[in-house]
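Chemist: Next comes the sequence, and after it the predicted model I'd like to discuss.
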Amino acid sequence: SLTTGNPSASTATAPGPTLRALGFCGVDDSVAPELLAAISTRYPFIEWGILFRPEKGGQPRFPSEGWLQGLQDVNESKSLRLAGHLCSSSCEQVLRGDASFVAKIHRDLGINRVQINATKANNVQMAITPAVVSSVREVMAAVPAVEFILQRNEETRPLWEPLLEAGLPPNAALLFDDSVGTGVLAKAWPPPPEDGAVKFGYAGGLGPLNLREQLGRMVAVVTASSSPTKSAGEAKAFWVDMESSLRTALADGADSFDVGKCMACVRQALELPGLLSASAPAPASHQAMRTLYPPIEPLESGFLPVGDGHEIYYEVCGTAEGAPALFLHGGPGGGCSEDSRRFFDPAFYRIVCFDQRGCNRSRPNAADDWAASIKGNDTASLVQDCDLLRKHLKVKKWHLVLGGSWGSTLALAYAQAHPGFVGRLLLRGVFLFSPQEVDYLFQSGEAAAHHPEAWEGFETHIRDTCLGRRTQGGGGGGGGGG
């Protein structure tokens, strides 16, 4: 269990509902994009909502073009969770079947969810006809990487009901909001859609004064509606969204987006055990996580030719649209394993692991052809391989590069050579192969003094394998990864 750190805890009872995202809508020029990014780094389950209403750009709740450009610069790695709430002409564009604006904000800003606010309160005047419903379905199909949120209330019934009856597209979701975007608290939260595969969320009147209580009520409703016929995952996961309750009037009368109120909501959500354990684990200060993330299988894998006769094995795991993370294994001469994938939250990261030249599954392998495995196998070549893999996978910039031991050396070398392509470094067991470090570990006996029994086993292994092979003429050459 990621929440308790006790693997057996999850076997006692069936997993309860979880929160896909905690949505805070109405970010605007009163809050710096850099602050949003800093908060998201610590609480990746937060989704910042951006209201698009062109005629009000620059006013409270509606960011200006300059602010959006600043957000684009800050979110270059596309790691922030962002939702676009389409109002007025931005919404009507979708209703007419035009997907260009959605595609643009997805590409430029990294917005992966959009909410279709087809209500009069959001200045949408178009009548919802069967032709409009068909147009909306076409837009959803045109931008499959974006999740489209439909407000589910009486006013929007002509839109969501026929889509639901015909079968919602896989990238569609329902938001229960009986307040029609006016911020009025619901008297009761409706149960999830009967189709357990339909993603859903709740909104209306939520905020720092009531979130913990209302989340408890939502959990009770979702739990009571669960049945064996529903999907065990998506059917129990929901998100919440709020807007009006996050505003504060400053002394000069300015209407400001209040991150303090957002943090009050975060604390309340974290107080409910297990609610955030599936989609995005709480930070270390809120949990006792002492285990790796659960085992996962690759989304894709393959071999990439990198020159000098080498083909490196690579695999991609986690979330296809997640923040790109690169794992660099140790050695030189080690390799990646199934556990290498488990250092990262698979719901947040697009995890890339690869075996360095001559290692593990890469070809040629040192165990099969020593001479070929060390040809062109040096630090500069491995740095080049990291960037060839980045280009091959169409990664604009690594959100995170994690390296341990020799992997920390390679991570630093890569970041020095390509600083524009590395957002963050996470280094463990740092070893830089300086003469002093090599002497400490392998020659002076200082490291051996800490654990003499382990050193004796290591020394015996080297004597019986590597040195014995060289004596028998089994190959030669320098170090295999330099």
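Modeler: Arrived safely, thanks for sending.
Chemist: hey, let's count contacts and neighbours off CA atoms from now on
Modeler: Will do.
Chemist: and Gly84, which of the three is it?
Modeler: Classification of Gly84 into helix, strand or coil gives strand, according to DSSP: H, G, I helix; E, B strand; the rest coil.
Chemist: Please read off the pLDDT at it from the model.
Modeler: What the model reports as pLDDT for Gly84 is 98.
Chemist: how close does the closest residue to it other than its chain neighbours get to Gln436?
Modeler: The shortest distance from Gly84 to any non-neighbouring residue, by Cα to Cα, 6 or more residues apart in numbering, is to Val114 (4.5 Å). When Cα to Cα, to the nearest Å is the yardstick, Val114 and Gln436 sit 55 Å from each other.
Chemist: if you count what's nearby, which of the two comes out ahead?
Modeler: For Val114 against Gln436, the residue with the higher neighbour count under other Cα atoms under 10 Å is Val114, and the figures read 25 against 11.
Chemist: What's the mean pLDDT across the helix or strand hosting the more buried one?
Modeler: For Val114, the enclosing helix or strand under DSSP states H and E is strand 113-116. Predicted confidence along strand 113-116 averages 98 (mean pLDDT).
Chemist: next SSE after it?
Modeler: As the chain continues past strand 113-116, the following element, by DSSP H and E, is helix 130-142.
Chemist: Okay, buried residues for that next one please.
Modeler: If you call a residue buried by 16 or more other Cα atoms under 10 Å, then helix 130-142 has these buried ones: Val132, Val133, Ser134, Ser135, Val136, Arg137, Glu138, Val139, Met140, Ala141, Ala142.
Chemist: Show me where the stretch 201-350 of the chain has its strands.
Modeler: For the stretch 201-350 of the chain, the strands identified by DSSP state E, counting those that start in this stretch occupy 237-242, 247-249, 255-257, 300-307, 310-318, 323-328, 349-354, in order along the chain.
Chemist: ok, the residue nearest to Gly84 touching Ala145?
Modeler: No: here Val114 lies out of contact with Ala145, judged by Cα atoms under 8 Å, at a distance of 10.9 Å.
Chemist: circling back to that earlier point, neighbouring strands - and their directions - for the strand holding Val114?
Modeler: With DSSP bridges as the test, strand 113-116 is paired with strand 82-86 (parallel), strand 147-152 (parallel).
Chemist: And the contacts of the shortest one?
Modeler: What it means is strand 82-86. 47-53, 110-117 (Cα atoms under 8 Å, 6 or more residues apart in numbering).
Chemist: Just the helices from the stretch 251-400 of the chain, written as ranges.
Modeler: According to DSSP state H, counting those that start in this stretch, the stretch 251-400 of the chain carries its helices in the segments 259-270, 370-373, 379-392.
Chemist: can these go into CSV with extra columns for mean neighbour count?
Modeler: Below are the helices of the stretch 251-400 of the chain laid out as CSV (neighbours: other Cα atoms under 10 Å):
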stretch, mean neighbour count
helix 259-270, 17
helix 370-373, 18
helix 379-392, 17
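Chemist: want to throw those helices into TSV with mean pLDDT?
Modeler: Compiled in TSV, those are given as follows (pLDDT from 0 to 100):
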stretch	mean pLDDT
helix 259-270	94
helix 370-373	92
helix 379-392	97
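Chemist: Adding distance to Asp339, write those out as a markdown table.
Modeler: Output for the helices of the stretch 251-400 of the chain, formatted as a markdown table (distance: least, Cα to Cα, whole Å):
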| stretch | distance to Asp339 |
| --- | --- |
| helix 259-270 | 27 |
| helix 370-373 | 25 |
| helix 379-392 | 20 |
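Chemist: nearest to Glu315, of those?
Modeler: helix 379-392 (10.4 Å; Cα to Cα).
Chemist: No further questions, thank you.
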